[in-house]
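**Q** Sequence plus the predicted model coming up.
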Protein chains: 2
Amino acid sequence: MNTGRGAGRGTGAGAGAGAAPTLEDVARAAGVSRATVSRVVNGVRNVDPAIQQVVQQAVAATGYVPNRAARSLVTRRSGAVALVVSGSGAGSTDGDDGQGGDDGQGGHGGRGAFAGRVFQDPFFGRVVSGVVRALRPAGVHPVLMFADADEERAQVLGYLTQGGADGALLVGTHGRDPLPGMLAAAGLPAVLFARPADGELLDHVDLHHRHGGELAARHLLARGCRRLAAIGGPAEVPASRERMAGFGAAAGRAVALAEGDFTLDGGERAMRLLLAERPDLDGVFAANDLMAQGACLVLREHGRRIPEDVAVVGFDDSSAAVASRPRLTTVRQPVEDMAAEMVRLLLHRVDTPLRPPGDGPVASLFSPELVVRDSA
Amino acid sequence: MNTGRGAGRGTGAGAGAGAAPTLEDVARAAGVSRATVSRVVNGVRNVDPAIQQVVQQAVAATGYVPNRAARSLVTRRSGAVALVVSGSGAGSTDGDDGQGGDDGQGGHGGRGAFAGRVFQDPFFGRVVSGVVRALRPAGVHPVLMFADADEERAQVLGYLTQGGADGALLVGTHGRDPLPGMLAAAGLPAVLFARPADGELLDHVDLHHRHGGELAARHLLARGCRRLAAIGGPAEVPASRERMAGFGAAAGRAVALAEGDFTLDGGERAMRLLLAERPDLDGVFAANDLMAQGACLVLREHGRRIPEDVAVVGFDDSSAAVASRPRLTTVRQPVEDMAAEMVRLLLHRVDTPLRPPGDGPVASLFSPELVVRDSA
DNA sequence: TTGTAGGCGTTATCAT
DNA sequence: ATGATAACGCCTACAA
């Protein structure tokens, strides 16, 4: 009966020496066939409880753990998904913060600065956290990838094609990011944290940004502000444009505008401009918290009290909102929930490929919420 | 000759329909054997240049990409490493920040708060960035894992044992984290970002923390500070203790001490205590930037000018150092370089298992550097 | 309910 | 230099 191979290491004890036990070893130890062991290990029904016991003991005794590669080879599932942080240099959906291109930041070379920036973004931290948590119950793990250059995008595609991951979670894509389209074209499962570009059929989650802007405007109006200003993000980021549009519409009056770049420094610069243009302003809305924080610094520098003289509202409810003094009133984006939803959509799509004519992609829209703290 | 399977999809074009082409398909298209195709794909020598051409064309024509699982099965390499963020709840090597347990932070449930905190830690962002960059040229990808509970630690072990990753990069471990020991005991390749607990034989990288503390003290002394205070991290974090020890030794005088928890709020609390105890202090050292930032907020609140009345020095040179006003003078930790070194060590260890009696683990020690900005 | 047997796509060891 | 031919460890019809 012995195949001859592997002289039967009767070790047991589970610890780390020598070759790892295989299904075959367990089967021999339990006196059953590989198929039965496999069934037990994978929790398939139709297994005699008694045999089940025996097998489980054998598994424990041999210290058996299934080989992931072998399993993947036949199931065609890797049990991993790519968590892709995308966006070429500037302008992610929301994320591109990074505290300015200061001295001493991000290593000596400046290469890979993108990765450094995005990972210091409080917004992105929330995404990762939400993704990891949602993935855990499914036993799936995230593989981190950056994609801010053509070569890297190709790498992501290749990785998925090779079966390194079953699908991709895309975050930080700006309007013109080619990656979503590439994935869609290749028929690879992917979910976006943002609205896809027109014509791209992709599952995605998104926030009702416009409504968020409205919330900010109404709050400022309600507390008596009448001379409003707003600091937007990069023009090519749709999310930012919508926030500003909502703000402008709900303000119902002239709003002084300045464009920032989602960084603290950018917020400072924009605030200086606005202050020069309209020294009597009494309410400011920034398209993200980091810029709002920058605005606060400049306002204080100019002797304005917050919120007494000027009220400030941020966006995201990132860690910057509570690190800033005063703590920021801000429009909260339920990032963790959105991330969890991305995971749900992706895992579903992995099992149920999208077949273009007939069924379309699914979208999940979330609502922002005003969080009132001290700045407004 | 045809095995019968897969009626020969002569598609070409590379795009995404149907079953993925295999070595077999390429071999048939090129009129050679699988073995030859494999050799070409893997860049092995001993291949006739002419044949090489033909095969490469066939690869391009069929859109072939190697199947990762199949390859892993035989090579016993996954091409992935686990990037494990470890530490049970409080106190990572350096990282545990998180801006205080404020309202609205980290989702609704509070579960998974650890992941949320650590990922908003500017220190950790630099680690990830460095790791990803160093991994890229090797074609290896990082799988993100958190391990702040027994179950999760077991999961990490299991993942490696199953061959999901070839080794582990451990960051954020505090002195009593059991994970490093578990990995060492199981003979799994692992590298720590920190000094291992006594008796644990593990490759690691670390900073000369004590020297960092000395740099801070000398700088304060040099600029004329004489009434010094210091804010340490959690007592169980060795790195923090060493920083404080170095500071104390180089100060050569009494230093008022307070313990923080590496968070902004913790820094604020500690600073209040110190101010009450020693209102005339003129120099403060904090064991990380976030606490230094908190200290600055409180000092200003109490009317102290920085650095004129009180000089402040932080540690890490994280993004908090430049987000703070004034910008922090701080002790820089070359995190990206250290991360790259971790990768180097791990990749080496994967190819060259540690055999206890005879050769020992390798350690790589880095030097801190003072970065002078505006706070001191 | 359990066992048998074939195949997933690669790499690697042999001859040739 | 190239081509057969075993493994690698697992899942899954299919048969019993």
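**A** Right, received. Where do you want to start?

**Q** count of residues packed around A:A185?
**A** 14 (other Cβ atoms under 10 Å in any protein chain shown). Heads up, the C-betas are built off the backbone N, CA and C, glycines and all.

**Q** do the host helix or strand of it and chain B meet?
**A** Applying DSSP states H and E as the criterion places A:A185 in helix A:179-186. Yes: contact of helix A:179-186 with chain B (Cβ under 8 Å from any Cβ of the partner chain) involves A:185-186.

**Q** buried set for that helix?
**A** Buried residues in helix A:179-186, counted by 16 or more other Cβ atoms under 10 Å in any protein chain shown: A:179-184.

**Q** Likewise for stretch A:346-366?
**A** For stretch A:346-366, a neighbour-count test (16+ other Cβ under 10 Å) marks A:346-347, A:349-350, A:354, A:361, A:366 as buried.

**Q** what about A:Q53, distance to DNA strand C?
**A** Going from A:Q53 to DNA strand C by Cβ to the nearest atom of the strand, to the nearest Å gives 10 Å.

**Q** Before we move on, what's the pLDDT of that residue?
**A** For A:Q53, the pLDDT comes out at 95.

**Q** touching chain B at all, whichever helix or strand it is part of?
**A** Using DSSP H and E, A:Q53 sits in helix A:49-62. No: judged by Cβ under 8 Å from any Cβ, helix A:49-62 makes no contact with chain B; its nearest approach is 12.7 Å.

**Q** Which strands or helices does that helix pack on?
**A** Packing partners of helix A:49-62 (3 or more Cβ pairs under 8 Å, 6 or more residues apart in numbering or on different chains; DSSP states H and E): helix A:23-30, helix A:34-41.

**Q** I'd like the mean pLDDT over the first one, please.
**A** So that's helix A:23-30. Averaging pLDDT along helix A:23-30 yields 96.

**Q** List the buried residues in it.
**A** Neighbour counts over helix A:23-30 (16+ other Cβ under 10 Å) mark A:23, A:25-30 as buried.

**Q** what's the burial count for the closest residue to A:L370 other than its chain neighbours?
**A** Spatial nearest neighbour of A:L370, excluding adjacent residues (Cβ to Cβ, 6 or more residues apart in numbering or on different chains): A:L215 at 4.6 Å. A:L215 has 26 neighbours, counted by other Cβ under 10 Å.

**Q** list the contacts for the residue nearest to A:S38 when sequence neighbours are not counted?
**A** Using Cβ to Cβ, 6+ apart and skipping the chain neighbours, the partner closest in space to A:S38 is A:L23 (6.0 Å). Counting by Cβ atoms under 8 Å, 6 or more residues apart in numbering or on different chains, A:L23 touches A:34, A:37-38, A:41, A:64, A:66.

**Q** the helices in chain A, which residues?
**A** With helices called from DSSP state H, chain A shows them at A:23-30, A:34-41, A:49-62, A:68-75, A:113-119, A:122-135, A:150-161, A:179-186, A:209-222, A:238-251, A:264-277, A:289-301, A:319-323, A:335-351.

**Q** Any chance of TSV for those helices, columns distance to B:T263?
**A** Shown next, in TSV, are the helices of chain A (distance: least, Cβ to Cβ, whole Å):
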stretch	distance to B:T263
helix A:23-30	48
helix A:34-41	44
helix A:49-62	42
helix A:68-75	38
helix A:113-119	19
helix A:122-135	14
helix A:150-161	34
helix A:179-186	36
helix A:209-222	28
helix A:238-251	30
helix A:264-277	19
helix A:289-301	17
helix A:319-323	10
helix A:335-351	20
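
**Q** rewinding a little: buried set for the helix holding A:Q53?
**A** So, applying 16+ other Cβ under 10 Å, buried residues of helix A:49-62: A:51, A:54-55, A:58-59, A:61-62.

**Q** for stretch A:61-80, same thing?
**A** For stretch A:61-80, by 16+ other Cβ under 10 Å, it's A:61-73, A:78-80.

**Q** ok, and does that stretch reach over to DNA strand D?
**A** Yes: Stretch A:61-80 lies within reach of DNA strand D by Cβ under 7 Å from any atom of the strand, at A:64-67, A:70-71, A:73-75.

**Q** got these as TSV, with distance to A:V47 and pLDDT columns?
**A** Listed next are the residues of stretch A:61-80 next to DNA strand D as TSV, based on distance: Cβ to Cβ, whole Å; pLDDT from 0 to 100:
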residue	distance to A:V47	pLDDT
A:Y64	16	97
A:V65	19	97
A:P66	16	97
A:N67	21	98
A:A70	21	98
A:R71	19	98
A:L73	24	98
A:V74	20	97
A:T75	19	97
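
**Q** near chain B, which of the residues you listed show up?
**A** Applying Cβ under 8 Å from any Cβ, the subset of the residues of stretch A:61-80 next to DNA strand D adjacent to chain B comprises A:65-67, A:70, A:73.

**Q** the domain parsing of chain A - what is it?
**A** A:1-76, A:80-207+A:336-367, A:209-332 (automatic domain parsing).

**Q** Tell me which of those sits most buried.
**A** Across the domains of chain A, averaging neighbours per residue (mean count of other Cβ atoms under 10 Å in any protein chain shown) puts domain A:209-332 on top, at a mean of 23.

**Q** how long is stretch A:311-320 from one end to the other?
**A** Using Cα to Cα, to the nearest Å, one end of stretch A:311-320 lies 17 Å from the other.

**Q** pLDDT (mean, whole number) over it?
**A** The average pLDDT within stretch A:311-320 is 93.

**Q** Show me how far that stretch is from its chain's centre.
**A** Put simply, stretch A:311-320 sits 19 Å off its chain's centre (Cα atoms, centre = their mean, to the nearest Å).

**Q** With stretch A:263-280 instead?
**A** Relative to its parent chain, stretch A:263-280 has a centroid offset of 30 Å by Cα atoms, centre = their mean.
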